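Novice: model this:
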Amino acid sequence: MYKYLLIVLSLYGCTGKDYPVEPNQIPVGVVGNLYNQRIDVSGGVVIPYSVQITTDFKEDIGVVIKPINQETSDAYNHLVIYGVPKYSGDFKIKISGGIYGSGDGKFTKEYTYKVNSK
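Specialist: Predicted coordinates:
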């Protein structure tokens, strides 16, 4: 009886955990000015092949979202929004992915990236 109870408790312990993504909001950018904003996922190591980054950026906006250092094992825990925006407007960013060793652990974060004209 106790053996089965322990297994059930172990399985339930792997679900329902939060994986915070910071910052909660990102600062406003300005057309023609360098934008450099770090985004960090904590609580576990992000699975690189599970990461999905979707935006409604114009193709040549001049801004990218990428890992800060692709060479580290936790590369997708530390992203950067980087570049010099060419267009003003409100743009949507959604970042989501899975966490190693968490069963079905996932994170999702949505931002509005506001870019003002000069």
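
Novice: what's the local residue count around residue 85?
Specialist: 24 (other CB atoms under 10 Å). Using the backbone N, CA and C atoms, a C-beta is placed for each residue, glycine as well.

Novice: please apply the same query to residue 102.
Specialist: Neighbours of residue 102 using other CB under 10 Å come to 17.

Novice: likewise for the one 5 residues further on?
Specialist: Residue 107 has 23 neighbours, counted by other CB under 10 Å.

Novice: ok, now how distant is it from residue 30?
Specialist: To residue 30, residue 107 is 29 Å away according to CB to CB, to the nearest Å.

Novice: kindly report the same for residue 86.
Specialist: With CB to CB as the criterion, residue 86 and residue 30 are 11 Å apart.

Novice: which residues does stretch 87-95 contact?
Specialist: 21, 26, 31, 39, 51-58, 61, 65, 79, 81, 107-117 (CB atoms under 8 Å, 6 or more residues apart in numbering).

Novice: I'd say residue 31 and residue 63 touch.
Specialist: No. Checked against CB atoms under 8 Å, the pair residue 31 and residue 63 is beyond contact range at 10.8 Å.

Novice: what do the two both touch?
Specialist: Joint contacts of residue 31 and residue 63 (CB under 8 Å, 6+ apart) are residue 85.

Novice: and these two? Which one has more around it.
Specialist: The neighbour count for residue 31 versus residue 63, taken as other CB under 10 Å, is higher for residue 63 (23 against 17).

Novice: what's around the residue lying closest to the more buried one once chain neighbours are set aside, how many residues?
Specialist: Excluding the flanking residues, the one nearest residue 63 by CB to CB, 6 or more residues apart in numbering is residue 83, at 3.7 Å. For residue 83, the tally of surrounding residues (other CB under 10 Å) stands at 17.
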